Structures are given as structure tokens and as C-alpha cells.
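*Asks:* what's the 3D shape of this:
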Amino acid sequence: MKDLTGIKFGRWTVIEFVERKNKNYYWKCICDCGTIKIIQNPKSLKSKSCGCLVKEINTKHGLDGNKLYHVFNSMKFRCYNEKCSSYKYYGGRGIIICDEWLQDVHNFINWSNLNGYENGLTIDRIDVNGNYCPENCRWITNKEQGLNKANNTWLTFNGECKTLCQWADELGINRSTLCFRIYNKNFSVEEALTKPIRKQGQTTISKESTNSIDTNLEAAN
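*Replies:* The predicted structure is shown next:
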């Protein structure tokens, strides 16, 4: 075991060794702000401080507790930090944040407040292959966000192209049922969307259910 006493890791300074449990070593450390904490394997620390560093940054910007500031940081994390689990879908695909927002977070906050931001809404890129910028972003609900994901399944039927979820909602068919028909049973789009749903314990569906599906299909057409 290497003695880490006196060594700094970010804002943490190792005070003394505490104990070993299994293959992990625990050390008493003190943050520059005075906070003392027992830390497991300080060399593998991902946090640079006890949290005081983030608070100082937030206070400097005057944005401590501002939800839009945290949205902005999340955008930066997935676009520029390769350790982010979602990086491959954003920065890994070349998606970035425009200079106007990246250089001053207040520009992003001002744009958001002038372009429909409300609590509960999420930021969405209109073109899923485009960058985070005023021309390509909007504020929408979580359900609307789901319809714009790059990995959505789009189905064309009777000249209409909609996501699998949209067809499921419109025709009253469970989304998992459609997925099973298309990916497990290899149904055609027409079969998947029009085949009557068999109720549990029945070999055929009721006339009322058939009429309901026919009505929905007519409305879709």
C-alpha cells in the first residue's frame, strides 16, 4: 500500500489512513473548505471537491439553483465529456453547442426565457443531427421529446408516416404488441397495424373490438 498522506487530489488533501476493507483502502481527507470525509481510494476520485467548487462557480455566475443553468451544464456534459454515458449519442456524433451559448451561459438562459421555457419542459433539437443553437432548439414536453429521438421506429401505412408510438396511440394497440409483431413475428406494417387483437382466453376478438379498430383505421386513412 502506497502512503498517500499529505497528497492532494483536486481540493482534497489526505490526512491519514483509516482502514482496509476487502481490496479497498479508506483514508481521512480534508477539503480546502475544511470539510473532512472518509474517502475510498482517493486516487480514483472523480469529484474534485466536497461540492464547494460547484457552489463557488454557481455563486460566481449568480445562478445557484437556476434550473436552466443545470440544463446547460447537462448539455455541455454530454457534448464534451467522453466519460458521459450519453456522449456517443452527442459529442461522439459531432454535436456541439453554438459559440453564442458556450461562451456565455446567460445568452442561453435569456434565449430560453424568450422562447417558451417553462418548468417541466425539456430542450429539444429539431434536427436530431444538428447542434444546440437557437435555430435548432425548442422547449417541448417529455412525450414530444420521445417522438423526436433518432432511434424512433417510423412506419408508413396508407401514405402516412408516423412513429410506432403514434400508431399505437391512434389505433389503440399496445406499443409492446406492435414491437412483438414487427420484430418477433416479422409482420408487415399492414399486418401489424390491422390484425385484430386477441383477448386473453379467446381465439378471436369481439365484434365490438373489430368495429372499433375498423373505425380507427378509417380515421387514420
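*Asks:* Packing partners of the strand ranked longest in the chain?
*Replies:* Taking DSSP state E as the criterion, the chain has its longest strand at strand 12-21. Packing contacts for strand 12-21, counted by 3 or more Cβ pairs under 8 Å, 6 or more residues apart in numbering; DSSP states H and E, involve strand 24-31, strand 36-40. Using the backbone N, CA and C atoms, a C-beta is placed for each residue, glycine as well.
*Asks:* most neighbours per residue, which of these?
*Replies:* Most buried of the helices and strands packed on strand 12-21 by mean neighbour count (mean count of other Cβ atoms under 10 Å) is strand 24-31; its value is a mean of 18.
*Asks:* who does that one pair up with?
*Replies:* Here strand 24-31 has these sheet partners by DSSP bridges: strand 12-21 (antiparallel), strand 36-40 (antiparallel).
*Asks:* Make TSV out of those and add mean pLDDT and distance to K48.
*Replies:* Shown next, in TSV, are those (pLDDT from 0 to 100; distance: least, Cβ to Cβ, whole Å):
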stretch	mean pLDDT	distance to K48
strand 12-21	92	8
strand 36-40	91	12
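*Asks:* so how far is the longest strand of the chain off the chain centroid?
*Replies:* With Cα atoms, centre = their mean, to the nearest Å as the basis, strand 12-21 stands 36 Å off its chain's centre.
*Asks:* for the nearest residue to T156 once chain neighbours are set aside, what are its contacts?
*Replies:* Excluding its sequence neighbours, the residue lying closest to T156 (Cβ to Cβ, 6 or more residues apart in numbering) is V189, at 6.8 Å. Residues counted as contacts of V189 (Cβ atoms under 8 Å, 6 or more residues apart in numbering) are L155, T156, F157, I182.
*Asks:* try it again with 7 Å
*Replies:* Each residue near V189 by Cβ atoms under 7 Å, 6 or more residues apart in numbering is listed here: L155, T156, F157.
*Asks:* separation between the last one and E100?
*Replies:* Applying Cβ to Cβ, to the nearest Å, one obtains 42 Å for the distance of F157 from E100.
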